[in-house]
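**Student:** sequence first, then the predicted structure:
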Amino acid sequence: MSVSVQTGDFDVSVELARLRDGNASIGAVVSFVGTVRDLSDGETVSMMELEHYPGMTEKSLQQIVEEAKERWPVLAARIIHRVGKLEPMAQIVLVAVAASHRADAFSACEFMMDCLKTRAPFWKKETTAVGSRWVDAKAADTSAAKRWQKEDVE
């Protein structure tokens, strides 16, 4: 189980091979790769800059991985999130999960991505022809994350 916040790009096939690392118990690997879009709110995006809070960000990502392990029988997990200046089509994030069965791997991967979007301390700034602007959290991301909240048991 590992997390990385880095400026450099990543190779998805290398990361998935590391995730499996010869573990014959793994029957499913699910991954999500997020990339920079060239259009946002009707404006052409020429650059996205991602900032983070070092130390706090990695801790937040690790906590998300640990929560996924508590909910599903995850055998391995990996989160890589890039920071710095990225152009359209650049990879931003990799969330990958390995489990014995696909349903667990799909659910854990989706949970981790939804939590990452709402809880990890990253800030995005887009550069367009009009200028630069900070990107606000999306209501859809908040709604997606809410469905994973544990109900209070009395």
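**Tutor:** Arrived safely, thanks for sending. Numbering: from 1, shown residues only.
**Student:** these two touch, right, V93 and R78?
**Tutor:** No: using C-beta atoms under 8 Å, V93 is not in contact with R78; the gap is 10.8 Å. Heads up, the C-betas are built off the backbone N, CA and C, glycines and all.
**Student:** my guess is L75 is in a strand, correct?
**Tutor:** Yes: counting by DSSP: H, G, I helix; E, B strand; the rest coil, L75 falls inside a strand.
**Student:** now the helices for the protein?
**Tutor:** 12-20, 56-71, 102-119, 139-146 (DSSP state H).
**Student:** right, and those - which one's nearest A28?
**Tutor:** Closest to A28 of the helices of the chain is helix 102-119 (C-beta to C-beta; 4.0 Å).
**Student:** L86 - how many residues pack around it?
**Tutor:** As a burial measure, L86 scores 19 neighbours (other C-beta atoms under 10 Å).
**Student:** how close does it get to S100?
**Tutor:** Counting by C-beta to C-beta, to the nearest Å, the gap from L86 to S100 is 35 Å.
**Student:** I26: neighbour count?
**Tutor:** For I26, the neighbour count with other C-beta under 10 Å is 18.
**Student:** any idea of the pLDDT on the residue lying closest to it once chain neighbours are set aside?
**Tutor:** The spatial neighbour of I26 that comes closest, neighbours along the chain excluded (C-beta to C-beta, 6 or more residues apart in numbering), is A98 at 4.5 Å. pLDDT for A98: 98.
**Student:** swap in D152?
**Tutor:** 42.
**Student:** I64 reaches M113, doesn't it?
**Tutor:** No: with contact defined as C-beta under 8 Å, I64 does not count as touching M113 (9.2 Å).
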